[in-house]
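> missing the sequence, but the structure's below:
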């Protein structure tokens, strides 16, 4: 049995003179949502990129599902998926064509059935024939989620899943993510600047500052420890180096 | 057996095959380019337009020179064959590089390389896409050469198949090197995709024999696979003689070029992963 879905050991990334991630250690247990928090430049994106194989660590290692990520990259990536508002799907292809291509990339046995299932649950059936480039931000987010769920991943990495969405659509996306995770016993690593979203979704948070892990705990415990009303205030304390942690 | 079929394009795979996963991923990327071509007629027109214009132009030059030059008069098709063969090389390179650029334009590389896609599968898919685009592009020019100038490239006989694969393989090798530079230096290096191969045109001896090159350039030309293909083509058309040693030299050099192309691409890919460039690439 796998104890941790992700294990990062002394993970470091330097870009020339700049240390983006500085010898961080963390492990993520199965079946939960863990949020990666930190201000701009804290090392969230670099950490996520290393967990996805887009960036090679300078030192340290990553184990996913108990296996060395660098050695078993392709095999492990088939059980993972990723969504980010900073990456696009090809604009000229229709939603269905994009999903079909990704279904094949992930080796889905019945791609048509899977696309139908996802289009029903994500309410994108009416968008399947439309070009991705002609969709609104909310529609694109739902299509990006469909791509991220095409292989029913055991580990899903979400970078800012509700960035630039109106409150109604953002709420719909959060609710969907919660429901999907509960139904599939999957693990989600979420990077977000929206503290209310993190408080609602995350079972645990990993807080990064200047490339180092400065806190790992549940949102509730962190709020108590810092004697604050909510996670946003905790985040500000940590980001501004305020040392008013109560315990 | 698993059948993948979508809008007229189908693939049947044997699920026990060890190549099943790789084959599917390669086909997925080829399908992505087919979808793109199908959704954009200017892209298809562009594939056919330039080879046809070039062939019409050089056909007219041939018609003029055939009465003026004893060398051309020996084999009227030598210039048209040169144009058609050069276009295989050019289309092979640009077909591969443009398929790569499409992924950069659409900021899709981050998605592709967080899927189980392996770099060698990506390279192989680029080659298949290039083969497809080159075949589309060159078919129009071959038909026009036959209709307008009664020149049939297939009169070269079976060697035309070997020439085709030698030239397209050289195009792939150069295309991979340029794609490597693109992944490392981003779209700032885009013009290389269109221009780099033309540096080889004068020393590939497309329209004239190797012997007319200045002495100091000749050794450089002898290191280029296409030089032997064009020499071989002229040998068939003018002397009616297929020289196997020219083909062997081209094949050996092609093997070296392809190996270098793949190594350069993988090296730049690794370098881009170290520098954290892949998910930042885009317009």
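That came in fine, so what should we check first? Note that the coordinates shown come from a computational prediction; the quantities given were computed from them, not determined experimentally. Residues are numbered from 1 along each chain as shown, chains lettered A, B, ... in the order given.

> where does residue A:39 fall, phi/psi-wise?
Main-chain dihedrals, residue A:39, degrees, to the nearest 10: phi -70, psi -180.

> OK, contacts around the residue of chain A found nearest chain B?
Residue nearest to chain B within chain A (C-beta to the nearest C-beta): residue A:104, separated by 3.6 Å. For every residue, glycine as well, the C-beta is placed using N, CA and C. Taking C-beta atoms under 8 Å, 6 or more residues apart in numbering or on different chains as the contact definition, residue A:104 lies against A:111, B:4, B:24, B:25, B:27, B:28, B:31.

> Name the residues that touch stretch B:237-256?
B:74-75, B:77-78, B:81, B:156-157, B:159, B:162-163, B:166, B:169-170, B:173, B:223-226, B:228-229, B:231-232, B:235-236.

> Tell me which stretches of chain A form helices.
A:44-51, A:73-77, A:95-105, A:111-121, A:137-149, A:167-184, A:195-201, A:219-225, A:231-239 (DSSP state H).

> cool, the stretch 51-200 of chain B as well?
Taking DSSP state H, counting those that start in this stretch, the helices of the stretch 51-200 of chain B run over residues B:70-74, B:78-105, B:109-112, B:119-149, B:159-185, B:191-195.

> So for the fifth one, mean pLDDT?
Along helix B:159-185, the predicted local confidence has a mean pLDDT of 95.

> Any regions of the chain where pLDDT drops low?
With no chain named, the answer covers chain A. Residues of chain A meeting the criterion pLDDT under 70: A:1-2, A:242-247.

> that answer is for a different chain, and I need it for chain B
Ranges of chain B meeting pLDDT under 70: B:1-20, B:69-76, B:281-283.

> try 50 this time
Filtered on pLDDT under 50, chain B yields the residue ranges B:14-18, B:283.

> Endpoints of stretch B:100-118, how far apart?
Distance across stretch B:100-118, first residue to last, is 15 Å (C-alpha to C-alpha, to the nearest Å).

> follow-up on the earlier one: tell me which of the helices of the stretch 51-200 of chain B lies nearest to residue A:211.
helix B:109-112 (21.3 Å; C-beta to C-beta).

> Now do the closest one: which elements does it pack against?
Contact partners of helix B:109-112 among helices and strands, from 3 or more C-beta pairs under 8 Å, 6 or more residues apart in numbering or on different chains; DSSP states H and E: none.

> got the contact list for it?
For helix B:109-112, the external contacting residues (C-beta under 8 Å, 6+ apart) are A:54, A:82, A:84, A:86-87, A:89, A:102, A:105, A:147, B:29, B:103, B:122, B:183, B:278-279, B:281.

> before we move on, what about stretch A:180-187?
Counting by C-beta under 8 Å, 6+ apart, residues outside stretch A:180-187 touching it are A:5-6, A:28-34, A:121, A:149, A:152-156, A:188.

> are any of the contacts of stretch B:237-256 buried, and which?
B:75, B:77-78, B:81, B:156, B:159, B:162-163, B:166, B:169-170, B:173, B:224-226, B:228-229, B:231-232, B:235-236 (16 or more other C-beta atoms under 10 Å in any protein chain shown).

> sorry, back to before: can you say which of the helices of chain A is nearest to residue B:52?
Per C-beta to C-beta, nearest to residue B:52 of those: helix A:95-105, 29.2 Å.

> now that closest one and helix B:119-149, what's the angle there?
120 degrees (axes from the mean of the first three to the mean of the last three C-alpha atoms, to 10 degrees).

> what inclination does helix A:95-105 have with respect to helix A:137-149?
20 degrees.

> between helix A:95-105 and helix A:111-121, what angle do the directions make?
If you take the same axes, to 10 degrees, helix A:95-105 sits at 130 degrees to helix A:111-121.

> Please point out which parts of helix A:95-105 sit buried.
A:95, A:96, A:97, A:98, A:99, A:100, A:101, A:102, A:103, A:104, A:105.

> Stretch B:126-145 too?
Buried, per 16+ other C-beta under 10 Å, within stretch B:126-145: B:126-134, B:136-138, B:140-142, B:144-145.

> what do you get for stretch B:241-249?
B:242, B:243, B:246, B:247, B:249.

> Alongside chain A, which residues does the stretch 151-283 of chain B contribute?
B:270, B:273, B:274, B:275, B:276, B:278, B:279, B:282 (C-beta under 8 Å from any C-beta of the partner chain).
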